[in-house]
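Visitor: Could you look at this predicted model? Sequence included:
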Amino acid sequence: MPEPVVVGRDVWKVYGSGETAVPALRGIDVEIFRGEILAVMGPSGCGKTTFLNCFSGLDDISKGVVTVEGTDIHKMPDARKSEYRARRTGFVFQSYNLLPILSAEENVEMPLLIAGRSAREAREAAKAILTQMGLGDRLRHRPSELSGGQQQRVSLARALVAHPAIVWADEPTGNLDAEGSKQVTELLRQLNHEFHQTMVVVTHDAEVASACDRTLHMRDGRFLTE
Amino acid sequence: MATLSTVGLLLLLLAVVGLATALLGLRHRLSFRIAMRNVRRGRARTVLLIAGLLVGTTIVAGSLIVGDTVQQLSFHYTYIGAGYVDESVTGTSPTGGLSYFPYAAYTQTAALVAGDPDIAGVTPEIVDSGAIYDRATGIPATALNLIGVNANQSSALGPFLADNGTPLEGPSGSGVFLDDQAAQTVNATVGDPLLVFGQVGIPLHVEAIVQENVRGGFITGGLTPGNVFVSLATAQLLENASGRINYLAVTNSGSNAHGAAISTRVSASLNVTLASVLATYGLSVATPLETGLEQSAQSSQSTMTVFLVLGLFSIVAGALLIVGIFVMLAEERKGEMGMLRAIGMRRRELVYTYYFEGVAYAAGSALAGTGLGVGVGYLLVYLAGSVLKGEGIPEAAILQSFTVTGQSLLLAYVIGFLLTVATVVFACTRVSRLNIVRAIRDVPEPRPAVRTYTVLAYLGGALVVLGLLAFRATYSGASDISYPILSGALVVLGAGLVAARFLRNRPVFTAVGIGLTVWAGWVPLHALLLGSAHTGGIFIVFVEGILMVGGTLMVFLFNAPLLATLLRRVLGRRGQSSPVIRVGLDYPTRQPTRSAVSLTIFALVVFTMVATAAFGSTIQGNLDNVVANEAGGYTYFGASQTPIPDLWGSIESNATLAPEFVNAAELVVGAGEVTVPGYDANPYSDRLLAAPVNTTGPADFYTTNRFTFASTLGDLSAAAVFEELSTNATVAIVDNTYAPPTASIVGGSTGPHPHLVVGTTISVAPVSGGRAVNVTVIGILKEAALTGVWLNPATAAGLGFTTVGAYLITAAPGVSTTLASQNLLKAYFAFGLVLFNIKALLATSFNTTEGFIGLLEIFVGLGLAVGIAAMGILALRAVVERRRQIGMLRAAGFTQAMVVRAYLLEYSVVTLLGVAIGVVLGVLIVYNLTVSASAAAEGITTFVGPWTTIAEIAVVAYVLVLAAIAVPSVRAARLPPAEAVRSAE
């Protein structure tokens, strides 16, 4: 039996209050296992991104418990939560969210520097992972000088470079064409195989979902089937 | 303050802009509607924008109001000084004073002007200098104005006012009216027995102490030691002038202002009506009130100009802030503007949308800025009251003079509005280059195409040609030095634009930046290429300041990454601070264009503050040098009504005085007319001075004086020049007001004055007429306090000047100069000795200058508000703009504290760099002044850095910036990461 890394019990997230309250998550119970790639699918507005934000610690929850590696992340103070994110998680966003003022290499170095690694170590690790992702000749390029697919690969490299326990990916192929989408999906699989990291991928794309180990479908803030 | 034509022109411009905007609004209604919606979009944002935009208007309004107030204050003292005397009818004595003429001149005049509706009355007077000795307090006072006038003949001059406000007609035959100032000097109270001295002494008593209103402040405006009023008969006794007077005061009808307004007409009419009287008694008609008012207007105009020119730095900083705000607005709205373009809005309409919004902000901010400017003006006037009250100008008089004219308010509004609109139009040109796809996708603008560089190269070529032509026309001669410096800067900039077409930007514009800074800031280069004949005023400070700051900023812009690398090495690369340092340093250095706006604003503001403070400290620090130059090493300049025989011998034999003084040189003084070749208003009236040669030791001027020279013929030493003057009757030396004006704001004479160089032959003659003598100027003194032409005593004797009437005296080291002067005055009271403590007078003048500089410091300190506002506003907008990036950093593990630290580091880099640039360049520009020839002529030879003030400026500026960006930083840190990573706003 695989070990659950993330466990959510009766997790609610309500936006607003009173008459204008909108429940985005409605008592979710879920377990995510170490080393698996989990896809979360569902129509727009069903709560996929809210799920990712709440379970990754980016956003607070209204009710319930989310434990990651046995620790209730919502009971952590902000500084510890930041440290946890720096050391144990990686994020990939639909719009890449790279720092425009930094080169590809410097963007990838950032999580390592935040985690307290030396500049040299960070530089070597960033160079290695970017080369592995086929961007060895784009190290010094700024995000504005890269294509969408290349930017997403940099974003992926940034998420994985510190070898986090869990990678959270929000529509990682949402801005990419079919070819770019395929490349990123294959890369996710390959890296998962290589580093044995848990990956949670929120996606609309059935092909991306099909490449994952398990898929959860969401509707109106709840998971339907497994 | 401004002429009607200026106001008219500005109003016309305002009308044109208003009309054009209205027409455009009607024609492009959709653009107009969107613009107005944008204005109403967020109240907080609109308030923030208007706050940022109103700075320029505030500075302009503040400067104009200071000008209005200074003029009002100046008018106030001019009215007091002239009283109700609109025209005077006087003659000149051979010694330069007023000549006495028979009382019959008055009766004839009164008869001739009787019935003239423009003239309210003519008053016969004696106006001379006198002294008093209060026998009750035992205190003497000399150099007072002695005014003799009959109460029953002077109704046109208005009543005196006693201290309790009671109107008084005038003194009786045995009494004296003292004005407040004279009474204070001798500590007099009503009833005190007085000895009053003119040519002779008479015992009288204090009948009243009167206020310094237009009557009580008669002639002097309260700016000399005071007035003593006696009856005309008493004055005639005191001056040995029985049956004679020396002053006819003509009072025009109507108010004081009306009297001044018709003075030209009345004086012309008097010259005709009184022709026979004037010819018979050798008299002439003058217009003291009108002339005084004109001089007041001119001097307040100069004050306002200084404030405006120094305010220009803040105005430029304000304009940059406007550009920064609008460019940020454009960045922020790029997506929606791209969408508007995508659905069919034309580029022009998009620009109009932006323009209409800008005009709405401009109208609001100019109004708010004008209002705030009134407050700033009052603050300055209030502070001036505190600063100047110790310099003889009552605080109440200053505060009562606070004036805001409608014309100034209108001018400030129009200038502020047009300035903002002009800046908005400039910002719109950036928006007009928007590319739809790039805007919607938020893709950065690409580098300029080669074609752009080609166009810029042509522009550069044109600038080079224009600069060279202008330089050729202005580099030699006596034109304002700003012109050749600006011309040279055009050449450097143009050459850079041409070179950028073929070479990489970084080396080209680094060289241009260095070139501009060196060109504007390296004085020896100016001396080498431009010579020393150029003139210059306060405007040169603005020109050099802008060029130096601009050049330095250019170097920063093109070398910012290098700076980042350097700073990273200094600040360290290890530990948790590493990512903070990277983010904090990379924003200002890798997107330097925007940081450059904040940096320029800050550098300009600090530059102005430091330069003003350094100017003040340098002037104060050179006081001893200036005194040595101006006073020739002497402590007192004295004058006596009757010659004191062998003054030094007499001092030496007096047990009290002997230890208090080390020398006393005698001078012969006369009133002369000087004709200088090339001067268009010859002859120039000036004092003629000569020192007797038959004296020795401490009485010998030629060996005791320490006067120094700005230039001498054949580079003779000072001792050689004085030796030549003592032996050669064909030579002369002149004071520094004759030196040609030079390109410095220090020194040089103001107003019409002949100028010459050593070797010039001038002609001197007694003012009373007689033979003129040609003499060659062999030296121009550095001093400009004891003005006049120094002659060989034989030459002076040939012109009729043989009587000793003046003295240069030095107090012994360590003695109280006040006590020593009192003892000297007591000892020679009978001779009517008057003493001026030259050092004290210079120190007072310096204190006033220092007070003025202190005010300027406060005024330019207002620019700091612009810098702080700039940082706060830009930081606030940066939070909005970088929302996603902050979200990503938080997702990647940045703590809230790290976000705050990164922000603080980013703005610290910009602020401290701006402070450093401002301090270095501010110090440099004042240092440049101290090495200029004209400053040296004034004795200002040593740069004295206001290091404490500079440290205070740096600390205050930095702390205020930290305070201003605290809110944006915390706001950035508190952004919920989940929301931040998803949306731009």
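Guide: All right, it came through fine.

Visitor: Now do the SS call for A:Leu58.
Guide: coil (DSSP: H, G, I helix; E, B strand; the rest coil).

Visitor: nearest spatial neighbour of it, skipping sequence neighbours?
Guide: Closest residue to A:Leu58 apart from its sequence neighbours, by CB to CB, 6 or more residues apart in numbering or on different chains: B:Ala978 at 4.1 Å. Using the backbone N, CA and C atoms, a C-beta is placed for each residue, glycine as well.

Visitor: if I pick the one you found, what's in contact with it?
Guide: By CB atoms under 8 Å, 6 or more residues apart in numbering or on different chains, the contact list for B:Ala978 reads A:Asn53, A:Leu58, A:Asp59, B:Gly887.

Visitor: Count the neighbours of the second one for me.
Guide: Going back to what we said before, that points to A:Leu58. Other residues lying near A:Leu58 total 25 when counted by other CB atoms under 10 Å in any protein chain shown.

Visitor: Quick one: residues contacting it.
Guide: A:Leu58 touches A:Leu52, A:Arg85, A:Phe91, B:Arg890, B:Ala891, B:Pro976, B:Pro977, B:Ala978, B:Val981, counting by CB under 8 Å, 6+ apart.

Visitor: what sits up against stretch B:555-569?
Guide: The contact list for stretch B:555-569 (CB under 8 Å, 6+ apart) reads B:505-506, B:509-510, B:513-514, B:517, B:581-582, B:585-586, B:588-590, B:592-593, B:595-596, B:599, B:909, B:913, B:917.

Visitor: Of these, which are in range of chain A?
Guide: B:Arg582, B:Asp586, B:Arg590 (CB under 8 Å from any CB of the partner chain).

Visitor: ok, and what's touching stretch A:203-218?
Guide: Here stretch A:203-218 makes contact (CB under 8 Å, 6+ apart) with A:30, A:36-42, A:46-48, A:51, A:169, A:171-174, A:181-182, A:185-186, A:188-189, A:199, A:201, A:223-226.

Visitor: Could you identify the buried members of those residues?
Guide: A:30, A:36-42, A:46-48, A:51, A:169, A:171-174, A:181-182, A:185, A:188, A:199, A:201, A:223 (16 or more other CB atoms under 10 Å in any protein chain shown).

Visitor: how about the residue nearest the centre of chain A, phi and psi?
Guide: The centroid of chain A falls nearest to A:Trp168 when counting by CA atoms, centre = their mean (1.6 Å). Per-residue torsions, A:Trp168: phi -100, psi 120 (degrees, to the nearest 10).

Visitor: Can you point out the helix or strand that includes the closest residue to B:Thr474 other than its chain neighbours?
Guide: Distances taken as CB to CB, 6+ apart place B:Tyr483 nearest to B:Thr474, at 4.0 Å, with adjacent residues excluded. Using DSSP states H and E, B:Tyr483 maps to helix B:482-500.

Visitor: and that helix, C-alpha only, in PDB?
Guide: Only the C-alpha atoms of helix B:482-500 are listed here, as PDB (Å, rounded to 0.1, in the frame of the first residue of the first chain):
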ATOM      1  CA  SER B 482      25.200  79.200 -20.200                       C
ATOM      2  CA  TYR B 483      25.000  79.600 -24.000                       C
ATOM      3  CA  PRO B 484      28.400  78.100 -25.000                       C
ATOM      4  CA  ILE B 485      28.000  75.400 -22.300                       C
ATOM      5  CA  LEU B 486      24.600  74.400 -23.700                       C
ATOM      6  CA  SER B 487      26.000  74.600 -27.300                       C
ATOM      7  CA  GLY B 488      28.800  72.200 -26.300                       C
ATOM      8  CA  ALA B 489      26.400  69.800 -24.700                       C
ATOM      9  CA  LEU B 490      24.300  69.700 -27.900                       C
ATOM     10  CA  VAL B 491      27.500  68.800 -29.800                       C
ATOM     11  CA  VAL B 492      28.300  66.000 -27.400                       C
ATOM     12  CA  LEU B 493      24.800  64.600 -27.400                       C
ATOM     13  CA  GLY B 494      24.400  64.900 -31.200                       C
ATOM     14  CA  ALA B 495      27.800  63.100 -31.700                       C
ATOM     15  CA  GLY B 496      26.500  60.300 -29.400                       C
ATOM     16  CA  LEU B 497      23.300  59.800 -31.400                       C
ATOM     17  CA  VAL B 498      25.400  59.600 -34.600                       C
ATOM     18  CA  ALA B 499      27.800  57.200 -33.100                       C
ATOM     19  CA  ALA B 500      25.000  55.000 -31.700                       C
END
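
Visitor: so after it, what's the next helix or strand?
Guide: helix B:505-521.

Visitor: and the gap between B:Leu833 and B:Ile809?
Guide: According to CB to CB, to the nearest Å, B:Leu833 and B:Ile809 sit 10 Å apart.

Visitor: same question, B:Leu53
Guide: Distance from B:Leu53 to B:Ile809, by CB to CB: 60 Å.

Visitor: Kindly state the pLDDT recorded for the closest residue to B:Leu529 other than its chain neighbours?
Guide: In space, and not counting its chain neighbours, B:Leu529 is closest to B:Tyr475: 6.6 Å by CB to CB, 6+ apart. pLDDT for B:Tyr475: 84.

Visitor: same deal with the one 5 residues further on?
Guide: For B:Asp480, the pLDDT comes out at 80.

Visitor: How about the one 5 residues further on?
Guide: On the pLDDT scale, B:Ile485 is placed at 92.

Visitor: wait, isn't it in contact with B:Ile546?
Guide: No: if you go by CB atoms under 8 Å, B:Ile485 and B:Ile546 don't touch, sitting 10.6 Å apart.

Visitor: quick one: which of the two has more around it?
Guide: When neighbours are counted by other CB under 10 Å, B:Ile485 and B:Ile546 differ, and B:Ile485 comes out ahead with 24 against 20.

Visitor: what sits against that one?
Guide: Contacts of B:Ile485 (CB under 8 Å, 6+ apart): B:Trp519, B:Ala520, B:His526, B:Leu530, B:Ile540, B:Val543, B:Glu544, B:Leu547.

Visitor: quick one: which two of those are the most distant?
Guide: B:Leu530 and B:Leu547 (14.6 Å; CB to CB).

Visitor: quick one: which of those two has more around it?
Guide: Neighbours were counted for B:Leu530 and for B:Leu547 using other CB under 10 Å; B:Leu547 has more, 24 against 21.

Visitor: residues touching the more buried one, list them.
Guide: For B:Leu547, the contacting residues are B:Ile485, B:Ala489, B:Leu516, B:Thr517, B:Trp519, B:Ala520, B:Gly521, by CB under 8 Å, 6+ apart.

Visitor: Now name the helix or strand holding the residue in chain A that chain B sits nearest to.
Guide: Residue nearest to chain B within chain A (CB to the nearest CB): A:Ala86, separated by 2.4 Å. For A:Ala86, the host element (DSSP H and E) is helix A:78-88.

Visitor: Could you export the helix or strand following that helix as PDB, keeping only the C-alpha atoms?
Guide: Sequence order places strand A:89-92 as the next helix or strand after helix A:78-88, per DSSP H and E. Provided in PDB are the C-alpha atoms of strand A:89-92 (Å, rounded to 0.1, in the frame of the first residue of the first chain):
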ATOM      1  CA  THR A  89       7.100  21.900  -2.900                       C
ATOM      2  CA  GLY A  90       7.400  23.100  -6.400                       C
ATOM      3  CA  PHE A  91       4.900  25.100  -8.500                       C
ATOM      4  CA  VAL A  92       4.200  25.200 -12.200                       C
END
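
Visitor: Which strands border strand A:89-92, and is each parallel or antiparallel?
Guide: In the sheet, strand A:89-92 lines up against strand A:166-170 (parallel) (DSSP bridges).

Visitor: roughly how far out does the partner strand sit from the chain middle?
Guide: 1 Å (CA atoms, centre = their mean, to the nearest Å).

Visitor: now that strand against helix A:78-88, angle please.
Guide: 100 degrees (axes from the mean of the first three to the mean of the last three CA atoms, to 10 degrees).
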